[in-house]
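[1] attaching a predicted model along with its sequence, questions to come.
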Amino acid sequence: MNVFLIVAGTLSAAAAILHLGCIYFGSPWYRFFGAGEQMALLSEQGSMQPTLITSGIVLVLSIWSIYAFSAAGVIFKLPLIRLALVLITLIYLIRGIAGFFFINSPLGRSPEFWVWSSVICLFFGVVHLIGLKQQWSSL
């Protein structure tokens, strides 16, 4: 079992659960986690758009979590595991780096959102990368 990939899977699962919290608790959570005022207002108005978008994120993060657990040897081996883990790791790392370029952008998010979410994504990506490197030969 690979501890880094277990941690990686747990981090993605925790992120998925927090996104579920946004769906359940609505606009205060969308605001707190920096989803933007538009998402919070749409949630207050009863629009399905925030729920659909956030549900998509929950689905993706859940799949990523399952792939990390699979690569760690905690659950059964999934298909295309090397490719999936490489892509997941790259997405986390690229998102982490790219976010710093949006700190002063007019995309409806605060600079604090971009900094914190980028640091978190970079951390997730590094944990994935270490675990992937350690597990590569047995995938």
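    Looks like it arrived, so ask away. These numbers come from a predicted model, not from an experiment.
[2] could you give the number of residues near Gly56?
    11 (other CB atoms under 10 Å). Backbone N, C-alpha and C define where each C-beta goes, glycine included.
[3] can we start the residue count at 37 from this point?
    From this message on, residue numbering opens at 37, which makes the last subject Gly92.
[4] which SS class is it?
    helix (DSSP: H, G, I helix; E, B strand; the rest coil).
[5] distance of Leu116 from Leu123?
    9 Å (CB to CB, to the nearest Å).
[6] those two: which is more packed in?
    Leu123 (13 against 10).
[7] so what does that one look like in phi/psi?
    Reported as degrees, to the nearest 10, the phi and psi values for Leu123 are phi -70, psi -40.
[8] ok, Asn140 next?
    phi -110, psi 30.
[9] can you give me the pLDDT of it?
    Per-residue confidence (pLDDT) for Asn140: 86.
[10] the closest residue to it other than its chain neighbours: how many residues sit nearby?
    Using CB to CB, 6 or more residues apart in numbering and skipping residues adjacent in sequence, the residue nearest Asn140 is Pro147, 6.7 Å away. Neighbourhood size, Pro147 [other CB under 10 Å]: 12.
[11] pLDDT below threshold where in the protein?
    Under the criterion of pLDDT under 70, none of the chain is flagged as low confidence.
[12] 80 instead, please
    142-144 (pLDDT under 80).
[13] mind jotting down where the helices sit in it?
    39-61, 63-68, 73-80, 85-108, 117-135, 147-171 (DSSP state H).
[14] for Ser141, find the nearest of those helices.
    helix 147-171 (7.7 Å; CB to CB).
[15] got the angle for that closest one vs helix 117-135?
    150 degrees (axes from the mean of the first three to the mean of the last three CA atoms, to 10 degrees).
[16] what sits against Ala71?
    58, 86, 90, 145 (CB atoms under 8 Å, 6 or more residues apart in numbering).
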